[in-house]
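Chemist: have a look; sequence and predicted model below, questions after that.
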Amino acid sequence: MERNPYEEFLDPSVEELNRTRKDRVAARKKQKKAQKRANRRKAMASGKKRRRKPNKVVLVLVIVIAIGLFASVRNITRLQSENKRLKEQNLKLSEKRDDLKKELKNVNSREYIEKRAREQLRLVNPGEIIFTFPDEDKE
């Protein structure tokens with residue numbers, strides 16, 4: 001059997017096909033890079049700024065930081081309002097404590113005991129008469 005000298009050109013091997021495919025892919029990449037460089041030079045020559053595409057990782061990171069800051073600010077405002085409410089409650093309790101201290105000083109006096117007996121137990125001294133009136137709330 002005689003070998004055809006043009007056989008290698010007529011029936012390329014798989015290695016040659018892969019090699020030529022790799023060459024075509026590499027050539028396309030080089031062409032794209034060259035086109036990008038040419039576009040950049042053209043834009044720089046015309047004075048335009050190049051627009052960059054936002055990086056997805058940076059975008060996600062910014063969103064996460066923004067959510068964290070929002071949560072922190074919300075928590076701070078909630079704590080400040082709770083602090084204000086507790087200060088008001090503390091002030092009211094301090095006033096009540098002062099009133100109770102004053103009342104404690106008078107507890108053993110005769111006038112105080114008599115006043116409480118009249119108000120709470122409806123007691124009267126001998127010879128006094130109690131008048132009761134119907135409640136306006138019941139009508």
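Modeler: The structure has been received and is ready for your questions. Residues are numbered from 1 along each chain as shown.
Chemist: which parts of the chain belong to which domain?
Modeler: With automatic domain parsing serving as the domain definition, the record reports that the chain contains domains spanning 12-51, 52-125.
Chemist: could you dump those to a markdown table with mean pLDDT?
Modeler: Conversion of the domains of the chain to a markdown table gives the following (pLDDT from 0 to 100):
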| stretch | mean pLDDT |
| --- | --- |
| domain 12-51 | 77 |
| domain 52-125 | 90 |
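Chemist: in CSV: the ones you listed, plus mean neighbour count and distance to residue 134.
Modeler: For every residue, glycine as well, the C-beta is placed using N, CA and C. Shown next, in CSV, are the domains of the chain (neighbours: other CB atoms under 10 Å; distance: least, CB to CB, whole Å):
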stretch, mean neighbour count, distance to residue 134
domain 12-51, 10, 87
domain 52-125, 10, 16
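Chemist: nearest to residue 131, of those?
Modeler: For the domains of the chain, the distance to residue 131 is smallest for domain 52-125, at 10.9 Å, taking CB to CB.
Chemist: where exactly do the strands run in the protein?
Modeler: Across the chain, reading from the start of the chain, there are no strands by DSSP state E.
Chemist: phi, psi for residue 128 please.
Modeler: Reported as degrees, to the nearest 10, the phi and psi values for residue 128 are phi -90, psi 150.
Chemist: and the domains of the chain as CSV, adding distance to residue 133?
Modeler: Listed next are those as CSV, based on distance: least, CB to CB, whole Å:
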stretch, distance to residue 133
domain 12-51, 88
domain 52-125, 14
